[in-house]
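Student: next one to model:
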Amino acid sequence: MKFTIIQPGQVESKCNRSEIINHKKCSKKLIKIKKSYYMGVFEVTQRQWKQLMRNNPSRFKGCLNCPVESISKQEAERFIQKLNNFDKNGKVTYRLPTADEWEYAARGGSKSKYFWGDDKSLMYKYANICDKNCIKANRMFNLKQDDGYKYTSPVGTYLPNNFGLYDVIGNTQEWVSDYEFCWGGSCLDKKTKKYYCSSFVGGDWGDSIETVDFPSLYYGSKITCIGTQMSGFRILADIKTSKN
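Tutor: Below you'll find the model as predicted:
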């Protein structure tokens, strides 16, 4: 896996999706990152999942360099736990990013509406979203662009943000460790018998240029109990501190 360091800083968060849906006034906040961390340059791929978990839950197989999908948040966390056990003598600890850590890294230091600027039409250069070739296109959207991918695409196919992160918009929605709100109630983890609330961010291959165009950039939280063909994840790595 390839990681890049994200230095401390701050960025203004825009409206979240729950405020848009419920027609509420935007509660903008300042995201402050006080400690550096490493963020995965790419979404976790099917190849990486298969090497560690010895299976491939993805619906869209046949592309090992495409992001793994159809996984729940709990499955993503079990992958990370196994990765930490495998690399227990390493210098970092792996985990899912928080929503703030993800958004700060995804914005790439930009103060514009999008990390590349304010021109929405350029999104197709940076994101695998639904276009003319998308399976949903004919029945949902009237689109002219065509990148050749009906579903997910190999990670790193599109342009990165200023921090060097790829696919922070589109391809798969990415699980984060905390949540913005519960949409439709909590879910039950069959293994732990505990209820949880989950969020993912970034949009996916089935979103159109309009559906990912929220004032919150591409931040949208919602609840799901099982992994869907839209859900994947990206890993954050914390530098282990000395106990001396």
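
Student: isn't R59 right up against P67?
Tutor: No - using CB atoms under 8 Å, R59 makes no contact with P67, being 11.5 Å away. For glycine as for every other residue, the C-beta is placed from the backbone atoms N, C-alpha and C.

Student: comparing those two, which shows the higher neighbour count?
Tutor: Neighbour comparison, R59 and P67: the larger count goes to P67, with 30 against 13 (by other CB atoms under 10 Å).

Student: ok, that one - contacts?
Tutor: Neighbour list for P67: 42-46, 152, 155, 167, 171-172, 232 [criterion: CB atoms under 8 Å, 6 or more residues apart in numbering].

Student: for the residue nearest the centre of the chain, give me the pLDDT.
Tutor: The residue lying closest to the centre of the chain (CA atoms, centre = their mean) is E174, at 2.5 Å. If you check E174, the pLDDT there is 90.

Student: can you check D147 too?
Tutor: At D147, the model reports a pLDDT of 75.

Student: what separates the closest residue to it other than its chain neighbours from W205, distance-wise?
Tutor: Distance criterion CB to CB, 6 or more residues apart in numbering; nearest residue to D147, sequence neighbours excluded, is D131 at 5.7 Å. D131 sits 9 Å away from W205, going by CB to CB, to the nearest Å.

Student: so what's in contact with the two at the same time?
Tutor: Listed contacts common to D131 and W205 are nil; contacts here mean CB under 8 Å, 6+ apart.

Student: quick one: residues contacting Q145.
Tutor: Going by CB under 8 Å, 6+ apart, Q145 touches 124, 131-132.

Student: relative to L96, how far out is it?
Tutor: Relative to L96, Q145 is positioned 31 Å away (CB to CB).

Student: N133 now?
Tutor: Counting by CB to CB - N133 and L96 are separated by 31 Å.

Student: more neighbours, the two?
Tutor: A direct count of neighbours by other CB under 10 Å for N133 and L96 places L96 higher, at 20 against 14.

Student: quick one: the residue nearest to D147 is in a helix?
Tutor: No - D131 is assigned coil when assessed by DSSP: H, G, I helix; E, B strand; the rest coil, not a helix.

Student: per-residue pLDDT of it, please?
Tutor: pLDDT, D131: 77.

Student: check the one 4 residues further on too.
Tutor: Per-residue confidence at I135 stands at 64 (pLDDT).

Student: helix, strand, or coil at G227?
Tutor: When classified by three-state DSSP, G227 comes out as coil.

Student: likewise the one 10 residues further on?
Tutor: Put simply, A237 is strand when judged by three-state DSSP.

Student: correct me, but it touches T93?
Tutor: Yes - with contact defined as CB under 8 Å, A237 counts as touching T93 (7.0 Å).

Student: looking at these two, which one has more neighbours?
Tutor: A count of neighbours by other CB under 10 Å puts A237 above the other of A237 and T93, at 22 against 16.

Student: now do the contacts for that one.
Tutor: A237 touches 3, 37-40, 92-95, counting by CB under 8 Å, 6+ apart.

Student: dump those to TSV, plus distance to F115 and secondary structure.
Tutor: Compiled in TSV, those are given as follows (distance: CB to CB, whole Å; DSSP: H, G, I helix; E, B strand; the rest coil):
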residue	distance to F115	secondary structure
F3	19	strand
Y37	18	strand
Y38	19	strand
M39	14	strand
G40	17	strand
V92	25	strand
T93	27	strand
Y94	24	strand
R95	23	strand
